[in-house]
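Novice: Just need the structure, nothing else, for what follows:
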Amino acid sequence: MTSRIAAIALDAVDPRPVADFWCAVLGWQQVDEDADGISIGPPDGAADAAGPTIDVLRVPEGKTVKNRLHLDLRADGSTTAEELARLEALGARRVDVGQGDDVTWVVLADPEGNELCLLQRTVQDVEREEPAG
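Specialist: As a prediction, the model looks like this:
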């Protein structure tokens, strides 16, 4: 027997802007909301519809240290530079978590400072490199 990831929990003092940010980033939608937070997930029929949701949960304190868990993203259908510009236009900002200047990814933060990385290779680059099965 194994487990399956059902949801990824993300803390926020104000869940709405964080949920809206991630919906725009991923092309997802709100699937539930209550006093404790907002759940977002892929639209019905999407290729990743069976995957986990992201639960943006209300917490009383702001972020103070680097996340121990973060999401890595790949551009899909655009260049990495275009996706970086889009993420920044949505409110992501570049952050330094000690990654150095020689890495192949860009470290960003969402509206409440939760880190995420944009990887250099796009979805299409990775698919071209996969051996035919």
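Novice: Regarding this protein, what is its longest helix?
Specialist: Counting by DSSP state H, the longest helix found in the chain is helix 15-26.
Novice: Name the residues of that helix that come out as buried.
Specialist: Using 16 or more other CB atoms under 10 Å as the test for burial, helix 15-26 gives 15, 18-23, 25-26. (C-beta placed from N, C-alpha, C; glycine too.)
Novice: Same check on stretch 78-94?
Specialist: 80, 83-84, 87, 91-92.
Novice: Closest one to Asp34 out of the residues you listed, please.
Specialist: Among the buried residues of stretch 78-94, Gly91 lies closest to Asp34 (CB to CB), at 24.1 Å.
Novice: Quick check: the gap between that closest one and Val25.
Specialist: The gap separating Gly91 from Val25 is 9 Å, by CB to CB, to the nearest Å.
Novice: From the buried residues of stretch 78-94, which land in helices?
Specialist: 80, 83-84, 87.
Novice: tell me the domain boundaries of the chain?
Specialist: Domain ranges of the chain: 1-62, 63-133, per automatic domain parsing.
Novice: Could you work out the end-to-end span of the first one for me?
Specialist: So the one you mean is domain 1-62. Using CA to CA, to the nearest Å, the end-to-end distance of domain 1-62 comes to 37 Å.
Novice: what about Ile54, which helix or strand?
Specialist: Using DSSP states H and E, the element containing Ile54 is strand 53-58.
Novice: Which positions within that strand qualify as buried?
Specialist: Within strand 53-58, the residues that count as buried by 16+ other CB under 10 Å are 53-57.
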